[in-house]
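**Q** Below is the sequence, then the predicted model.
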Amino acid sequence: MFGGIIEEIGKIKGKKSKGNGFEIVIEANKVFEDLKVGDSISVNGVCLTVEKIENKSFFVSISSQTKKETNLGEIKVGEYVNLERALKIGDRIGGHFLTGHIDFKTKVVSLRKEGEFYLLSIKIPSEYRRYTVKRGSISVDGISLTIAEFRNDEILIYLIPYTIENTNLKYKKVGDTVNIEIDIFAKYLVK
């Protein structure tokens, strides 16, 4: 489980084929404080397993399913990813509960500055709209965010400057793919 509060932005340092998927090497700093082989880590909201740690970098495998269903399938060396270690019992939870299981990927429709803030617009497929509510939680590339408004098949999310500066959203542009995880409680309530 994760909270959607990004600890740092990592950089893809390597990528190589591995069976039907591939392995990526991610360079980071902060997450190494207590990271060990076998730990779960959220990379752009995707729960992955740390397989190796070496020289301020860690290695994770991307399966064929993860490759197909998340933006990690398109990741290139030099790109930036959001990183968060798994929650510890007793820690504060500043975001909302995330499993690291991506529901779908979608494109950034718009990301524009409005005064000191930014406005992000993304499309939500019809089958997921019933799980979204105004002022409800949603995860975009592992970031716990709040839905501000609906516009047809899009949701609008206001971003504070801190979120832009401390996540990979500062590198995103219109047309880029983001991973979406719907609020787990909304899914259970609807079911």
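**A** Right, received. Where do you want to start? Numbers count the residues shown, from 1 in each chain.

**Q** Let me see the confidence value for the closest residue to Lys76 other than its chain neighbours.
**A** Once flanking residues are discounted, Lys76 sits nearest to Ile12: 6.8 Å by C-beta to C-beta, 6 or more residues apart in numbering. Just so you know, the C-beta spots here come from the backbone N, C-alpha and C atoms, and that holds for glycine as well. Note for Ile12: predicted pLDDT of 98.

**Q** give me every residue that touches Ile12.
**A** 24-27, 75-81 (C-beta atoms under 8 Å, 6 or more residues apart in numbering).

**Q** Tell me the helices and strands packed up against whichever strand or helix holds Ile180.
**A** Element membership for Ile180, per DSSP states H and E: strand 177-182. With contacts defined as 3 or more C-beta pairs under 8 Å, 6 or more residues apart in numbering; DSSP states H and E, strand 177-182 has these neighbours: strand 104-114, strand 137-140.

**Q** Which of the helices or strands spans the residue nearest to Lys76?
**A** strand 8-18.

**Q** roughly how far is that strand from the heart of the chain?
**A** 15 Å (C-alpha atoms, centre = their mean, to the nearest Å).

**Q** Stretch 75-92 too?
**A** Offset of stretch 75-92 from its chain centre (C-alpha atoms, centre = their mean): 8 Å.
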